[in-house]
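*Asks:* Mind folding the following:
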Amino acid sequence: MSGLSAAHPLGTDDLGRDLFSRILYGTRVSLFIGFSTVLIALVIGVTLGIVAGYHGGRLDFVIMRYIDLQWAFPNFIIAVYLVAVFGTGLFNIIAAIALAFIDDFARVARSMTLTIRETQYVDAARTLGFSDRRILFSHVLPNTLPPIIVQATVSVSYAILGEASLSFLGLGVSANTPTWGLILSDGR
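*Replies:* Residues are numbered from 1 along each chain as shown. Predicted coordinates for the structure are as follows:
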């Protein structure tokens, strides 16, 4: 391990690798994991939330009991469990964290859908004979997007922290791929 120098602004690790370039490369990996995790969780969670909120009844009951069950456990515990079951690796980490975040998006989408489905423009669309799919995609989904976008921006940071925590514990991507958590673990 060498200290600061002109060639290595943050020094090197025990194998002589430049820490600054590892942090930059780790940023790329961590951001990829954060954004792809949130994108997957957003698509699945919003779909479940909108369908549950719009149709109601037994379908809403079944979907929301699953979401309540998932809500009972912290996201990090769910991610650790899924990584333990499926193994480590980039795509397994993305899938584990995404599945842990589905409940957040489903709750936001359902709560917005419950209010939107009672509006006059949705009633007018039903009266005109529009299909449920058309109503969902042209009236309900666009009006649920503002709080979902806010939830997505917050979730990206939590996904990056989740990945860093998993990598710090040795449950992240491979040991050869630098991520923020792995760099912290190596520095410890």
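
*Asks:* what about the residue nearest in space to the middle of the chain, distance to residue 60?
*Replies:* The centroid of the chain falls nearest to residue 38 when counting by Cα atoms, centre = their mean (3.1 Å). Applying Cβ to Cβ, to the nearest Å, the value for residue 38 to residue 60 is 24 Å. Heads up, the C-betas are built off the backbone N, CA and C, glycines and all.

*Asks:* from the middle of its chain, how far away would stretch 111-125 be?
*Replies:* 27 Å (Cα atoms, centre = their mean, to the nearest Å).

*Asks:* Can you list the buried residues in it?
*Replies:* 112, 113, 116, 117, 122, 125 (16 or more other Cβ atoms under 10 Å).

*Asks:* Contact partners for the first one?
*Replies:* When the contact criterion is Cβ atoms under 8 Å, 6 or more residues apart in numbering, the partners of residue 112 are 53, 143, 144, 147, 148.

*Asks:* sorry, back to before: show the secondary-structure elements that the helix or strand that the residue nearest to the centre of the chain is a member of is packed against.
*Replies:* Assessed by DSSP states H and E, residue 38 sits inside helix 19-55. Applying 3 or more Cβ pairs under 8 Å, 6 or more residues apart in numbering; DSSP states H and E, we find helix 19-55 packed against helix 57-71, helix 90-116, helix 132-135, helix 141-168, helix 180-187.

*Asks:* angle of that helix against helix 141-168?
*Replies:* Inter-element angle recorded for helix 19-55 and helix 141-168: 140 degrees (by axes from the mean of the first three to the mean of the last three Cα atoms, to 10 degrees).

*Asks:* any low-confidence regions in this protein?
*Replies:* Applying pLDDT under 70 to the chain flags the ranges 1-8.

*Asks:* residue contacts, the closest residue in space to residue 44 that isn't next to it in sequence?
*Replies:* Closest residue to residue 44 apart from its sequence neighbours, by Cβ to Cβ, 6 or more residues apart in numbering: residue 102 at 5.2 Å. With contacts defined as Cβ under 8 Å, 6+ apart, residue 102 is in contact with 41, 44, 45, 48, 67, 70.
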